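> prediction below, plus the sequence it came from.
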Protein chains: 4
Amino acid sequence: MNDSQWTLQDAQAAVDEWISQWEEGYWPPLSNLARLTEEVGELAREINHTHGAKPAGDDEGASRIADELGDVLFVVITLANSLDVDLDEALQSVLSKYGVRDAHRFTPKKS
Amino acid sequence: MNDSQWTLQDAQAAVDEWISQWEEGYWPPLSNLARLTEEVGELAREINHTHGAKPAGDDEGASRIADELGDVLFVVITLANSLDVDLDEALQSVLSKYGVRDAHRFTPKKS
Amino acid sequence: MNDSQWTLQDAQAAVDEWISQWEEGYWPPLSNLARLTEEVGELAREINHTHGAKPAGDDEGASRIADELGDVLFVVITLANSLDVDLDEALQSVLSKYGVRDAHRFTPKKS
Amino acid sequence: MNDSQWTLQDAQAAVDEWISQWEEGYWPPLSNLARLTEEVGELAREINHTHGAKPAGDDEGASRIADELGDVLFVVITLANSLDVDLDEALQSVLSKYGVRDAHRFTPKKS
């Protein structure tokens, strides 16, 4: 049972609820984009440490990469919300482009 | 009813199924990261066209931004899969860091 | 003889002269940053094609990488100009940080 | 007098001399690219702090932006060296593409 698993729409709604607490609300698109660039940069550092030529010599790499991927996803969701983009639709559209027919009805095997 | 909505886990499984068709499978982390950099760059171009100082003068901006966000999300999922990262957990962890208590049980309002 | 070689200051002045022709002048910092993100993305695509997991199968890779590096440098110079940053000083400062003493007087061997 | 100003070629030679001290030498292209992504991310953070929606509330912004631009330039030079790209030629080529005729002989006004 995956009752506690979020859909992409749940995730977008949760981020929206969190941001809606703050008076300033969503940042302008170019500021959110700069933040995405910053977070992708932090992900790059961790991946380079763990899988590239910049060895970190510690065992925390995998966990830090997961954290950075979470941060990147959070900003992607924030940017999507601020621009009224439905990420489920956007992902289905990519999958269709890659030849996954009728992606929305396609039932993935559960991992 | 959100029956046709994917969870993040569904999305990861669908991308995995798609990639598993190909003999080469997942790219190494630094190659997937380079692809993420490429897709974020395409998103940057579209956001700059539509919301920045590089006006495109057309009405397709919103739709192209949605496509580029879908591409970015696809690569984030691919990278997560290749590194055994559960994006639902990673997102919950970010939300906890930001002070959303018990995020996994938190019920977002449906949009 | 390097008479025809530009200093970093020449390069900044040349880009300034080029941009000063246009009525809109320099873009705001976040727009120039988005353009840098876009150009780094194009560089990433070419490096991935030629040195990564996304093989392009052609012989033009090196030349396209040089072009993309030129585009990245052009935007770095543009951003520096728009923010009144002297790139020669900025580079000396990095080299000092890395332990190159008295970098400004240091005479590099000519390649 | 600009006697102490470096040409782009001097800058490439200085970085090469610095890197040649170390046994590991240049990183592979995808690792250097990841490092460029990391440094552009740090630049994005500073620009967002000072010119965007993420106000830092301090007076050090300009100096930190200069430092980050220096770091970005250093990695661009490193990447160019590792791939045998002459940045002066690459920049001339960009300027030609943008319509600056005979850029190499063009004498910029000194700032």
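Alright, I've got the coordinates.
> tell me the contacts of the residue nearest to the spatial centre of chain A?
Most central in chain A under C-alpha atoms, centre = their mean is A:Leu73, positioned 1.7 Å from the mean C-alpha point. Contacts for A:Leu73 (C-beta atoms under 8 Å, 6 or more residues apart in numbering or on different chains) come out as B:73, B:76, B:87, B:90-91, B:94. (Each C-beta comes from the backbone N, C-alpha and C, glycine too.)
> what's the distance between it and D:Ala14?
A:Leu73 sits 40 Å away from D:Ala14, taking C-beta to C-beta, to the nearest Å as the criterion.
> just checking, what packs against the helix or strand that A:Asp88 is a member of?
Using DSSP states H and E, A:Asp88 maps to helix A:87-97. The helices and strands touching helix A:87-97, judged by 3 or more C-beta pairs under 8 Å, 6 or more residues apart in numbering or on different chains; DSSP states H and E, are helix A:8-20, helix A:61-82, helix B:8-20, helix B:61-82.
> enumerate the positions of it that are buried.
Across helix A:87-97, burial judged by 16 or more other C-beta atoms under 10 Å in any protein chain shown covers A:87-88, A:90-95.
> wait, doesn't A:Leu30 sit right on D:His51?
No. The pair A:Leu30 / D:His51 is not scored as a contact, 9.7 Å apart, by C-beta atoms under 8 Å.
> the more surrounded of those two?
Remark: of A:Leu30 and D:His51, A:Leu30 carries more neighbours, 25 against 21, as counted by other C-beta atoms under 10 Å in any protein chain shown.
> just to revisit the earlier point, closest to B:Ile47 out of the helices and strands packed on helix A:87-97?
When those are compared by C-beta to C-beta, helix B:61-82 sits nearest B:Ile47, at 6.3 Å.
> what angle do that closest one and helix A:87-97 make?
Orientation note: helix B:61-82 sits at an angle of 80 degrees relative to helix A:87-97 (axes from the mean of the first three to the mean of the last three C-alpha atoms, to 10 degrees).
> any shared contact partners between A:Leu30 and D:His51?
Residues touching both A:Leu30 and D:His51 (C-beta under 8 Å, 6+ apart) are C:Leu30.
> please identify the helix or strand for whichever residue of chain A sits closest to chain C.
Residue nearest to chain C within chain A: A:Leu30 (4.0 Å; C-beta to the nearest C-beta). Following DSSP H and E, one finds A:Leu30 within helix A:29-51.
> give the rounded mean pLDDT of that helix.
The average pLDDT for helix A:29-51 rounds to 96.
> same deal with stretch A:59-75?
Computed over stretch A:59-75, the average pLDDT equals 92.
> run the chain-centre distance for that stretch.
In terms of C-alpha atoms, centre = their mean, to the nearest Å, the centre of stretch A:59-75 is found 10 Å from the chain centre.
> next: stretch A:31-43.
12 Å.
> say whether chain B is contacted by stretch A:5-12.
Yes. Using C-beta under 8 Å from any C-beta of the partner chain, stretch A:5-12 comes into contact with chain B via A:5-12.
> from A:Asp86, how far off is A:Tyr26?
16 Å.
> can you pull the residues of chain A lying near chain D?
With C-beta under 8 Å from any C-beta as the criterion, chain A comes near chain D at residues A:24, A:27-28, A:30-32, A:34-35, A:37-42, A:44-45, A:47-48, A:52-54.
> if you set the cut-off to 10 Å instead, what comes out?
A:24, A:26-28, A:30-49, A:51-54 (C-beta under 10 Å from any C-beta of the partner chain).
> buried ones among these?
In those, the ones that pass as buried (16+ other C-beta under 10 Å) are A:26-27, A:30-49, A:51-54.
> residues in contact with the one residue in chain A that gets nearest to chain D?
Relative to chain D, the nearest point of chain A is A:Gly41 (1.6 Å; C-beta to the nearest C-beta). Each residue near A:Gly41 by C-beta atoms under 10 Å, 6 or more residues apart in numbering or on different chains is listed here: A:68, B:37, D:34-45.
> apply 6 Å and report the result again.
Under the criterion of C-beta atoms under 6 Å, 6 or more residues apart in numbering or on different chains, the contact list for A:Gly41 reads D:37-38, D:41.
> closest one to D:Ala62 out of the residues you listed, please.
Nearest to D:Ala62, judged by C-beta to C-beta, of the contacts of A:Gly41 is D:Gly41 at 19.0 Å.
> just give the nearest non-adjacent residue to that closest one, would you?
A:Gly41 (1.6 Å; C-beta to C-beta, 6 or more residues apart in numbering or on different chains).
> also A:Tyr98?
With C-beta to C-beta, 6+ apart, the residue lying closest to A:Tyr98 is B:Trp18, at 6.5 Å.
> A:Glu42 now?
Nearest to A:Glu42 is A:Glu68, by C-beta to C-beta, 6+ apart, at 5.1 Å.
> then A:Asn81?
That would be A:Asp16: by C-beta to C-beta, 6+ apart, it lies 5.2 Å from A:Asn81.
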